[in-house]
Structures are given as structure tokens and as C-alpha cells.
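> Show me the folded form of this:
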Amino acid sequence: MKNSAGFLLERAYCGVFAAPASMATLREEAGAGGLAWFDLDLAGVRSKPELLASCRSVFALPRDFGDNFDALADSLEDLAWRPAPGYVVNVSNGAELARGAPADFAALLEILAAAAIYWSAQRKLFMALLDAPTRGGAAFEPLPQSDRYKLPVSVLVVIHTPDLEVLLLERADRPGFWQSVTGSQDAGETLPQTARREVLEETGLDAGDFALVDWSKRNKYEIYQRWRGRYAPGITHNTEHVFSLRVPAKVPVTLAPREHLQFIWLPWRDAADKVFSWSNADAIRELPQRNKPAPVAGARPV
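Numbering: from 1, shown residues only. Down below sits the predicted model:
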């Protein structure tokens, strides 16, 4: 079992947790996932004004910040100046504040917990992690852990209209990088089940309402080094299985904001040029051949 920022991000975990003993891997994976990381070091902070000053600096709060707890609560439920797929607040060295100004320390924890509830409703990760000195003798839940590694098996689902307009999604963790629906297989799933689940999670579309086709095509590629920690030790390559989903027109799409920023429909040639993945581009370029209507029985060739 291991902590995984990818695991936590996919499930939009929110709350105030006991920080793990070692933060290095989590911090690295959070950075790779595009999470905003705030180090709220409370060493030497003994009063409410000092606490608010620290928060102003760490969270880069706007100039009109009101220097009170209500303003801090409002700011942490906004964070429009720091867009990200999720937020981690690493709170350390809070023992002195907890002893010297217990009411102010309690108010900080309440504000962090309320922010977690707010962002949970937005389906976006928000976690406050408290180190051992900050927790003191209080009991906090440990950071949720993944009970398994990701499987090195995934699906690519190219969603398109009959006239080959292709749906593309912009990644939240890598703005400017566009792709079709993708995602890893969960244990016990068949590949079509994985494809249907990923389509629903990333676009809000029920693939069962449309024409989902398994191309029986596989692509094997090397996993980026920054994401290898999500897989079992020694796993370096992923096998991708290609599907297409034909929809009758440019249907409305509901994005998962922690995963994607926006979507576009493009003609297939433009879509193939825009995606960052070579396997995604190859699949889109195959669409005209794959989308040909089946021959009518008994018809003579022209």
C-alpha cells in the first residue's frame, strides 16, 4: 500500500488529515498532477494577527483580503487566482499556536475543514495535512491510501459524429494538451466496461446510448517517468486498447473539472493534428476507414 496523489486526485479526496511521515513522494506526485501545494509553516506564530499574516503570504491572498477569519474562509473557498485541479495545504509546526492561542488554532482547523467540504461539493480535491507537532495529542484520520497500484492497461475512446467531428478534452494537469477519453482499467473490469466508465466520468455521456466499437487494436508505450510511481515497481510500459464511440451529433458534454478544463469538436484532420499523443493521432486518422458503412448484401460493386 502506498500514498498516491494520482489515486487521491482521481477520487477528489477532501478533508483534514494526519500527514504521512514522509511527504517527498506525495509532493512530487502532486506537482506532476498539477495540484497547488501550500506550505503553511506556523513556526513562531503565536497570535491571530501572525496567523493571518502567514496565511496572506502562503496563499498569496488578494490585496483586499480583510485580515479576519471570515475573509480567510471566503478566500479558501474561492482561490480563483490559483486555478488547479486540486489543493494541498501542508500545515507544520503548529504546536506553539495551539498552546498559546487555542481558540485561533481551532478556528484555523474549522476553516480548513469547511473549505474541504466546499471543494468536495465541486468535485475537486482539497486536503489539509497536519504534521505530528501540529496535531499534538489530537486524533486525525490518516491520509487515505491506495490499496493497489494502477494496472498498466488502459483504453482510448475516440468520440465522433457521423461526419467525423471529433471530441477533444484539454487536460487540467497539463493545460494546452488535448486528447480523447482515456483511462486505466480497474481490477475486475472488462475493457468495454472500462471504456463505458471512462466516457461517463469524463464527459457525462452514457456510452450504452450510442455506438461503442472495440477496434481490437493495441498500442504499447512507455509510461512517463513522473507517473511511474502509480504502478507496481518494475512496470515501465502500458498497453492501450482503442475504441470509438459514434454519437449522432455534437451532443452536450459535462466535464469532470478536476480532470479537464474545456472541450472542443474539430474535423478529424484538425483533431489528429491537435492531440499530443501519437497513438491518439493515429486512431483519429483511422476514423475515415473505420467509419465506412457496411456493404449492402447482394449489391454489385460500382
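
> quick one, what contacts E222?
When contacts are counted by C-beta atoms under 8 Å, 6 or more residues apart in numbering, E222 touches T236, H237, N238. For the C-beta atoms, the positions are set from N, CA and C on the backbone; glycine is no exception.

> Quickly list what it is bridged to.
H237 (DSSP bridges).

> Equivalent analysis for Y87, please.
Beta-bridge partners of Y87, as defined by DSSP bridges: A36, F126.

> can you check E170 too?
W178.

> which residues in the stretch 1-150 of the chain form helices?
For the stretch 1-150 of the chain, applying DSSP state H, counting those that start in this stretch gives helices covering 5-10, 24-32, 48-58, 69-76, 95-100, 102-121, 132-135.

> Next, count neighbours for R123.
Number of residues near R123 (other C-beta atoms under 10 Å) recorded here: 13.

> Was I right to think it contacts H260?
No - taking C-beta atoms under 8 Å as the definition, R123 is not a contact partner of H260, at 11.9 Å.

> ok so, going back, mean neighbour count, the helices of the stretch 1-150 of the chain: which tops it?
When those are scored by mean count of other C-beta atoms under 10 Å, the highest mean neighbour count falls to helix 5-10 (a mean of 22).

> ok, back up a step: top of the contacts of E222 by neighbour count?
Neighbour-wise, the contacts of E222 (other C-beta under 10 Å) top out at N238, 19 neighbours.

> What is the burial count for the closest residue to that residue other than its chain neighbours?
Closest residue to N238 apart from its sequence neighbours, by C-beta to C-beta, 6 or more residues apart in numbering: P152 at 4.6 Å. By other C-beta under 10 Å, the residues close to P152 number 18.

> Quick check: phi and psi at P152.
The phi/psi pair for P152 (degrees, to the nearest 10) reads phi -80, psi 50.

> Surely it is in contact with I235?
Yes - using C-beta under 8 Å, P152 is in contact with I235, at 5.1 Å.

> any common contacting residues for these two?
Shared contacts of P152 and I235, defined by C-beta under 8 Å, 6+ apart, are found at I223.

> which residues in this structure form strands?
Counting by DSSP state E, the chain has strands at residues 14-18, 36-41, 86-92, 125-130, 153-160, 165-171, 178-179, 181-184, 211-222, 237-246, 260-267.

> on that earlier part again, same list (the contacts of E222) but as JSON lines, adding distance to I284 and pLDDT.
Putting these into JSON lines (distance: C-beta to C-beta, whole Å; pLDDT from 0 to 100) gives the following:
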{"residue": "T236", "distance to I284": "26", "pLDDT": "90"}
{"residue": "H237", "distance to I284": "22", "pLDDT": "94"}
{"residue": "N238", "distance to I284": "19", "pLDDT": "93"}
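
> And the residues you listed, which is closest to P175?
N238 (22.8 Å; C-beta to C-beta).

> pretty sure the closest one contacts Y224?
No - counting by C-beta under 8 Å, N238 sits too far from Y224 to count as a contact (9.8 Å).

> quick one: contacts for S92?
Counted by C-beta under 8 Å, 6+ apart, S92 has contacts A19, D39, L40, D41, L42, A43, D131, P133, T134.

> just those residues now: which is nearest A172?
Using C-beta to C-beta, the contacts of S92 come closest to A172 at D39, 22.2 Å.
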